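**Student:** Here is a sequence with its predicted model. Questions after.
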Amino acid sequence: MLVKDPNYGHLESNGLTNGAQYHSAYNEAETVDWRDKRLAKITRLRLLGDYGFPMWDVSYCHGILKDGSPANVELPFHQIPRRGFKRFIIAQAKRDKVYAKGLGLLDEINYSKLL
């Protein structure tokens, strides 16, 4: 569900309460490919959109490695279609032999969308 940001007027889902604190954990974090076997979970996929544009731009993707450390996750795509975006992610994951559901990529709580 998109909620209007009181400061900027944008519509946003799953916004951060303290963005600076959250991002500080990822400033020095390792960057891993989503196919990396050490990746345990995707914790946040930030998507940016413009009214009328049919695609979401991927701003960043964060995850947690199996040892508990934070990681910046590199995805094989930079845009996702708004319509059928989960279908798109599943197709990309199948191509790369990644289990999207197991990584949490199909869980709404892990998406942050900003319009």
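**Tutor:** Noted; the coordinates are in hand.

**Student:** show me where the chain has strands.
**Tutor:** Assigned strands in the chain, in chain order: 3-4, 11-13, 30-33, 39-48, 55-65, 70-74, 79-81, 111-114 (criterion: DSSP state E).

**Student:** right, and those - which one's nearest residue 24?
**Tutor:** The stretch from the strands of the chain with the least distance to residue 24 (C-beta to C-beta) is strand 70-74; that distance is 10.0 Å. The C-beta positions use only the backbone N, C-alpha and C, and glycine is treated the same way.

**Student:** Which neighbouring elements make contact with that closest one?
**Tutor:** When contacts are defined as 3 or more C-beta pairs under 8 Å, 6 or more residues apart in numbering; DSSP states H and E, strand 70-74 sits against helix 19-27, strand 30-33, strand 39-48, strand 55-65.

**Student:** Just give me the longest helix of the protein.
**Tutor:** Among the elements of the chain assigned as helix by DSSP state H, the one spanning the most residues is helix 85-96.

**Student:** could you dump that one to PDB, C-alpha only?
**Tutor:** What follows is helix 85-96 as a C-alpha-only set of coordinates in PDB (Å, rounded to 0.1, in the frame of the first residue of the first chain):
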ATOM      1  CA  PHE A  85       6.700  -7.400 -11.800                       C
ATOM      2  CA  LYS A  86       6.700 -10.600  -9.700                       C
ATOM      3  CA  ARG A  87       6.300 -12.700 -12.800                       C
ATOM      4  CA  PHE A  88       9.300 -10.800 -14.300                       C
ATOM      5  CA  ILE A  89      11.400 -11.500 -11.100                       C
ATOM      6  CA  ILE A  90      10.500 -15.200 -11.200                       C
ATOM      7  CA  ALA A  91      11.500 -15.400 -14.900                       C
ATOM      8  CA  GLN A  92      14.800 -13.800 -14.200                       C
ATOM      9  CA  ALA A  93      15.400 -16.000 -11.200                       C
ATOM     10  CA  LYS A  94      14.600 -19.200 -13.100                       C
ATOM     11  CA  ARG A  95      17.100 -18.100 -15.800                       C
ATOM     12  CA  ASP A  96      19.800 -17.600 -13.200                       C
END
